[in-house]
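Student: Fold the following for me, if possible:
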Amino acid sequence: MVERLKCIALVGAGAFLGSVSSIFLLKLLPRRFTNRLLKRPIEINGPKGCFIAQAESHGLDSPELMTDEIASEQLTRNIQFFGLESQQKVCKSYVVIIGLGGVGSHAACMLLRSGVGRLLLVDFDQVSLSSLNRHAVATREDVGIPKAQCLKKHFLSIFPECQIDAKVLLYDASSEEEILSGHPNFVLDCIDNIDTKVSLLAACVRRGLKVLSATGAGARADPTRIRVADLRESTNDPLSRAVRYRLRKDYGIEGGIPVVFSLEKPKVKLLPFKGPSGEEDNPSDYQIVPGFRVRIIPVLGTIPAIFGQVMASYVVTQLAGFQVQTEPVVNLDMEHYQKLHRRLIEHEEMLYGTALEVQVDVGEVMYVVKELWHGRSARDQSTKDVGRAMWRSVNDLMLVRWDRGKPASVSNLILLRFEEVYATRNYLDALLLILDYKNLLSTYGLNYGSCFLFFCFWFLWSFI
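Tutor: Model prediction:
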């Protein structure tokens with residue numbers, strides 16, 4: 001009997017201590033956070049038959065978010081990187097992501113983890129089993145549910161303070177106002193359909209919205225060749241080429257839209273489409289949505305993921321006001337740099353009789369041409385020469401000294417066109433003669449009038 005009473009006493013004491021410790025831990029957590037954990041998102045039917053996974057507001061004002069112990073601790077590394085004031089700008093931001101596949105899901109996920117205060121997730125498609133090789137958060141249990149709903153479900157467990165709206169909706173002219181209203185700070189275009197992509201980019205330009213577009217991430221394998229640049233500079237990408245053409249033809253938009261693209265040429269081609277019988281068939285007969293691709297592009301899942309990470313990094317730094325200098329797009333190979341190096345040596349030998357003062361090798365020539373002058377003449381830094389046009393333009397370029405009195409070193413080389421080098425050389429020669437006019441008078445016995453006529457003749461000869 002005594003032993004039984006001891007057991008009952010121990011169980012009672014354990015239950016009491018457990019209750020006290022639970023109450024103590026709950027008091028340590030901010031009350032609003034624990035309330036959030038107890039609430040579930042409410043699913044309602046949105047307009048035009050779309051699904052809106054919209055619950056109570058999960059967004060917090062930035063000052064309140066920064067005083068939330070758990071949220072601020074979760075964003076500690078970002079706060080240490082940007083500073084509190086810049087991170088508050090991120091937390092106050094509203095970003096729209098359209099297209100939630102391999103690229104868009106990773107971009108959205110990192111924007112969420114970076115503390116963006118409000119996200120709108122838009123995609124009409126569902127999670128498929130074959131998309132799990134590149135999706136950011138989807139699991140096998142998510143197969144068959146809308147991608148927007150899938151992301152929101154997972155996102156609420158990652159950073160519940162973010163206000164997340166998810167719309168299962170196809171972007172087109174009829175849904176433009178619904179998706180792009182609300183003055184978003186940034187729009188991410190992660191769509192792989194040309195018609196929809198062009199329409200979205202044109203709408204963003206018309207509305208004055210900041211937009212970042214992703215081009216083709218499929219059929220590629222080299223992550224080191226991914227770049228961020230203006231749409232005019234994107235090369236080796238059939239999607240961006242088609243988008244450029246359509247924007248210029250239909251909307252008169254020449255550029256001004258930043259894009260994430262790869263300099264790598266596609267490694268594989270679209271797979272042939274086979275119908276239910278196993279024979280090759282017409283893909284357009286099986287389109288659920290007119291104009292959308294049915295044929296399959298082989299995709300290495302890591303590349304779309306990196307595209308999305310690059311997009312998120314670009315947007316977050318922009319929102320925080322953090323300056324990042326993107327690498328210039330200079331699509332030249334080693335043969336071009338070797339040619340420019342040989343041309344520099346030949347020019348030095350012709351002008352000075354020796355190349356002993358050339359203090360750069362091919363690697364340093366690459367640095368000067370690519371990093372300092374972006375593959376273009378110092379007098380013309382426009383982006384009109386891209387891709388193969390840049391290759392052709394190298395035939396008209398050469399490196400020359402900026403200061404003739406100093407060696408041809410990295411800090412004393414300028415990239416110019418042939419005609420610019422010739423004109424500049426004549427101008428400098430004439431300038432040196434003017435500065436040394438007294439020596440000219442004494443050497444040739446000229447008077448001031450004759451010297452003036454001589455200079456006039458020299459300038460006319462130099463620039464005609």
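
Student: ok, now which ones touch residue 201?
Tutor: 189, 211, 213, 243, 247, 253, 257 (Cβ atoms under 8 Å, 6 or more residues apart in numbering). The way it works is simple: take the backbone N, C-alpha and C, and place the C-beta from them, glycine included.

Student: ditto for residue 321
Tutor: Residues in contact with residue 321 (Cβ under 8 Å, 6+ apart) are 86, 89.

Student: Go again with 6 Å.
Tutor: By Cβ atoms under 6 Å, 6 or more residues apart in numbering, the contact list for residue 321 reads residue 86.

Student: just checking, which of the contacts of residue 201 belong to helices?
Tutor: Cross-referencing the contacts of residue 201 against helices under DSSP state H gives residue 243.

Student: Just send the contacts of residue 201 back as a markdown table, with distance to residue 136 too.
Tutor: Output for the contacts of residue 201, formatted as a markdown table (distance: Cβ to Cβ, whole Å):
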| residue | distance to residue 136 |
| --- | --- |
| 189 | 17 |
| 211 | 21 |
| 213 | 19 |
| 243 | 24 |
| 247 | 29 |
| 253 | 30 |
| 257 | 24 |
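
Student: and residue 250, how many residues sit next to it?
Tutor: Counted with other Cβ atoms under 10 Å, residues neighbouring residue 250 total 11.

Student: low-confidence ranges in the stretch 1-150 of the chain?
Tutor: For the stretch 1-150 of the chain, applying pLDDT under 70 flags the ranges 1-67.

Student: how about the strands in this protein?
Tutor: Counting by DSSP state E, the chain has strands at residues 43-45, 51-53, 94-98, 118-122, 163-168, 186-189, 211-214, 226-230, 258-262, 397-401, 413-417.

Student: got TSV for those, with mean neighbour count too?
Tutor: Shown next, in TSV, are the strands of the chain (neighbours: other Cβ atoms under 10 Å):
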stretch	mean neighbour count
strand 43-45	11
strand 51-53	20
strand 94-98	25
strand 118-122	25
strand 163-168	24
strand 186-189	26
strand 211-214	24
strand 226-230	18
strand 258-262	25
strand 397-401	21
strand 413-417	21
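
Student: Please name whichever of those strands is nearest to residue 373.
Tutor: Across the strands of the chain, residue 373 has its closest neighbour in strand 413-417 (4.1 Å, Cβ to Cβ).

Student: Against which helices or strands is the closest one packed?
Tutor: If you count contacts as 3 or more Cβ pairs under 6 Å, 6 or more residues apart in numbering; DSSP states H and E, strand 413-417 packs onto strand 397-401.

Student: rewinding a little: which of the strands of the chain sits closest to residue 326?
Tutor: Closest to residue 326 of those, according to Cβ to Cβ: strand 226-230, at 4.9 Å.

Student: Note down every partner strand of that closest one and its orientation.
Tutor: strand 258-262 (antiparallel) (DSSP bridges).

Student: average pLDDT for the partner strand?
Tutor: Strand 258-262 carries an average pLDDT of 94.

Student: beta partners for residue 121?
Tutor: Under the criterion used (DSSP bridges), residue 121 bridges to residue 97, residue 166.

Student: buried ones in stretch 359-374?
Tutor: Neighbour counts over stretch 359-374 (16 or more other Cβ atoms under 10 Å) mark 360, 365-366, 368-370, 373-374 as buried.

Student: With distance to residue 417 and pLDDT added, can I get these in a markdown table?
Tutor: Putting the buried residues of stretch 359-374 into a markdown table (distance: Cβ to Cβ, whole Å; pLDDT from 0 to 100) gives the following:
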| residue | distance to residue 417 | pLDDT |
| --- | --- | --- |
| 360 | 20 | 93 |
| 365 | 17 | 90 |
| 366 | 19 | 89 |
| 368 | 16 | 89 |
| 369 | 13 | 87 |
| 370 | 17 | 83 |
| 373 | 12 | 84 |
| 374 | 14 | 81 |
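
Student: now these in a markdown table, with distance to residue 183?
Tutor: Output for these, formatted as a markdown table (distance: Cβ to Cβ, whole Å):
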| residue | distance to residue 183 |
| --- | --- |
| 360 | 50 |
| 365 | 47 |
| 366 | 44 |
| 368 | 43 |
| 369 | 42 |
| 370 | 38 |
| 373 | 39 |
| 374 | 34 |
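
Student: Show me those residues that map onto helices.
Tutor: Going by DSSP H, the helices hold 365-366 from these.

Student: All set now, cheers.
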